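# sequence below, structure please.
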Amino acid sequence: MPGTHHFDIIVVGGGHAGCEAAHAAAQMGAHTLLLTHNLDTIGQMSCNPAIGGLGKGHLVREIDALGGLMGKLADQAGIHFRILNRSKGAAVRGPRAQMDKLDYRRETKAALEATPNLTLRQGEAVSLIVKNNQVQGVMTDWEYACHASAVILTTGTFLRGLAHIGERTFPAGRLGDAACMSLSDSLRDLGLTISRLKTGTPPRLDGRSIDWSKLEPQPGEDPPVPFSFMHKTIQRPMVHCHIAFTNPRTHELITSNLHRAPLYSGQIKGIGPRYCPSIEDKVVRFKERDRHQIFLEPEGWRTQEIYPNGISTSLPIDIQHDLIHSMDGLEKATIIRPGYAIEYDMVEPTQLDDTLAVKGILGLYLAGQINGTTGYEEAAGQGLVAGIQAVRYHRELPPVRLDRSESYLGVMIDDLVTKGVDEPYRMFTSRAEFRLLLRADNADARLTPLGHAIGLVDETRWREFQKKQKSIQNARTTLHGTRIQLNETGLINGRDRKTAWEWLRGEESRAGEVFQQAGLMELEEEIKDVLTIEAGYEGYLTRQQEEVQRFRKAEAIQLPENFDWDDVPGLSTELKQKWKKIQPRTLGQAYRVPGATPASISVLMVHLKASNRLK
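Numbering: from 1, shown residues only. The predicted structure follows:
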């Protein structure tokens, strides 16, 4: 095949993890190859046509803050935007948007094609080239080798993917795409432990066959709130979603056909996502409920295809038709694509270090569902981090580590490599100990300086960021220095009154009045929101910062490399085995390994001090 086959970085897979990994590596100046089985499905939204949500929206904002793609692409392709949990505390509010799936895919490919240093190539990686425990590239199905000093595998659900529709099974990475059948063997040959997971998707419906008059409309927010910190408004037209419900007829139909459900017949062996269960699983697990909510989500402007979010299923097609028709408004709905489940191989993520590198194999990185996660956002976040780390490795620079106190990306990676997974991992705000500090609204303040320092954030964005931070600081100073009074009739100046900041701290619902009296009405709304949150949660934020300092003290205590855990007296055999497997890098990470206790950490500290092994 003509052209060079030598690169700095090779990314295998064109899903959300692969796209972010390839873009990040190339943006940082590395000569990068993105190798994918089909160039036409780069950025494909295989399941839900949406980006963001609770926890997931935080990840998208962090990806954007570091200079990644997903937030910008979502703004360009979005057709329905909402802030979930808007009525609740700032820490748990999550941006979410429906996508035009075709536009999202097109925008993704266009963005990659416009990225300098990036080569896109169609083909399948059938095996890894590894010598002396160091990756050197991949062998393709076209029988030529591509060489690089680092390889990032982002294979999604394609590793030995097996689709299930009722009693029928067939190899597939997703419906209509072939599975990758050989790369798993290459990973096993390296000594890696491989497990099986399962995910699924609902049938797609023809919107023209739905009786919308029987369904509850769900409009998006007006005006829509963008994902990317570089976008102030969304100008494209929006669509409504609608809400339907299952009912006792639906549930009876499912329970009477469980013997034909692969999930319950024993046909499916892989473990599915607990927090995104199939409709069969919902009906069995929540028998006390007589209905479940279904969101009917348009898949784009140019299509009548509707995604019924909430009824993922692998039941036979005839049963899928019956259960759809049992619901009000869907009595005559036409299925244009069947729902199905898919089993696939994943690598136990405790075999990775906190840079997403495979332990003992230099230059090999894994990102996305191959690490046991589920969701576009989790995959994209891992891909971005893996791309950064691979370039740093290629340049013989120290890795960039994101810890749990500064990002949801850090929380996710630490969870994966320290605790492992026994089901597909999904991000939630409840996973973050310091979630009040890790809000979606301040992701740029937390991470954009790092993105600029490592070469991902360009100068245009950096100037915009600095301008915004200066505006926030100036407004903060004004609020602290301006004294006002609020009463029932409005605002009255007063030299000895409380500062605007103090009023803002106790009267969030009257923030508009405070900003008006302080002369700050011209501030952008996103800046007002940041200041209102900071003032309202000031005491909690201070306490959480103190907790972060204690956390970082434990993280600063580094454990010796190649430490012999059997030498530590007084520990259980089970905990020693876990610490041997994980090889925690810091005392804090050792404490987070399942089974570790304060007593075991004390024993470890005493041993390290006695043997002068503390760094």
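# C-terminal to the lowest-mean-pLDDT helix or strand in the chain, what's the next element?
Using mean pLDDT, DSSP states H and E, the weakest-scoring helix or strand in the chain turns out to be strand 490-493, at a mean of 50. Following strand 490-493 in sequence order, the next helix or strand is helix 500-506 (DSSP states H and E).
# in stretch 357-364, what counts as buried?
Using 16 or more other CB atoms under 10 Å as the test for burial, stretch 357-364 gives 357-358, 361-364. Just so you know, the C-beta spots here come from the backbone N, C-alpha and C atoms, and that holds for glycine as well.
# per-residue confidence averaged over that stretch?
Averaging pLDDT along stretch 357-364 gives 97.
# repeat for stretch 308-325
97.
# distance from stretch 240-257 to the middle of the chain?
29 Å (CA atoms, centre = their mean, to the nearest Å).
# identify the residues contacting that stretch?
For stretch 240-257, contacts defined as CB atoms under 8 Å, 6 or more residues apart in numbering pick out 80, 98, 212, 215-220, 261, 279-280, 283-284, 290-298, 308, 311, 315-316, 319, 322-323, 326-330.
# now with 7 Å, please.
The set of residues external to stretch 240-257 that reach it, using CB atoms under 7 Å, 6 or more residues apart in numbering, is 80, 98, 212, 215-219, 279-280, 283, 290-297, 315, 319, 322-323, 326-330.
# who's in contact with residue 443?
58, 61-62, 65.
# gap between the two ends of stretch 324-334?
Taking CA to CA, to the nearest Å, the first and last residues of stretch 324-334 lie 9 Å apart.
# does residue 464 sit in a helix, a strand or a coil?
Assigned with DSSP: H, G, I helix; E, B strand; the rest coil, residue 464 falls in the helix class.
# break down the stretch 451-600 of the chain into its strands, ranges please.
Listed in chain order, the strands found in the stretch 451-600 of the chain under DSSP state E, counting those that start in this stretch are 484-487, 490-493.
# now, the contacts of stretch 240-257 that are in helices?
279-280, 283, 319, 322-323 (DSSP state H).
# of these, closest to residue 577?
Residue 577 lies nearest to residue 280 out of the ones in helices among the contacts of stretch 240-257, by CB to CB, at 36.4 Å.
# what residues are up against the closest residue to the closest one other than its chain neighbours?
Spatial nearest neighbour of residue 280, excluding adjacent residues (CB to CB, 6 or more residues apart in numbering): residue 261 at 4.9 Å. Residues near residue 261 by CB under 7 Å, 6+ apart: 280, 314-315.
# out of these, who's nearest residue 456?
Using CB to CB, the contacts of residue 261 come closest to residue 456 at residue 314, 39.6 Å.
# okay, the buried residues of stretch 357-364 in JSON lines with distance to residue 383 and secondary structure next?
Listed next are the buried residues of stretch 357-364 as JSON lines, based on distance: CB to CB, whole Å; DSSP: H, G, I helix; E, B strand; the rest coil:
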{"residue": "357", "distance to residue 383": "14", "secondary structure": "strand"}
{"residue": "358", "distance to residue 383": "16", "secondary structure": "strand"}
{"residue": "361", "distance to residue 383": "19", "secondary structure": "coil"}
{"residue": "362", "distance to residue 383": "20", "secondary structure": "strand"}
{"residue": "363", "distance to residue 383": "16", "secondary structure": "coil"}
{"residue": "364", "distance to residue 383": "15", "secondary structure": "strand"}
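# between these, which is nearest residue 457?
Looking across the buried residues of stretch 357-364 and measuring by CB to CB, the closest to residue 457 is residue 357, at 23.5 Å.
# sorry, back to before: need the buried residues of stretch 357-364 in TSV with distance to residue 89, can you?
Converted to TSV, the buried residues of stretch 357-364 look like this (distance: CB to CB, whole Å):
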residue	distance to residue 89
357	36
358	39
361	43
362	44
363	43
364	41
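# nearest to residue 196, of those residues?
residue 358 (19.1 Å).
# hmm, residue 367 and that closest one touching each other?
No. Using CB atoms under 7 Å, residue 358 is not in contact with residue 367, being 11.4 Å away.
# now the host helix or strand of residue 152: mean pLDDT?
Element membership of residue 152 [criterion: DSSP H and E] is strand 150-153. Strand 150-153 comes out with an average pLDDT of 98.
# CA atoms of that strand as CSV?
C-alpha atoms of strand 150-153 as CSV (Å, rounded to 0.1, in the frame of the first residue of the first chain):
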residue,chain,number,x,y,z
ALA,A,150,2.7,4.0,21.2
VAL,A,151,-0.6,2.3,20.4
ILE,A,152,-4.0,3.2,21.8
LEU,A,153,-6.8,0.6,21.5
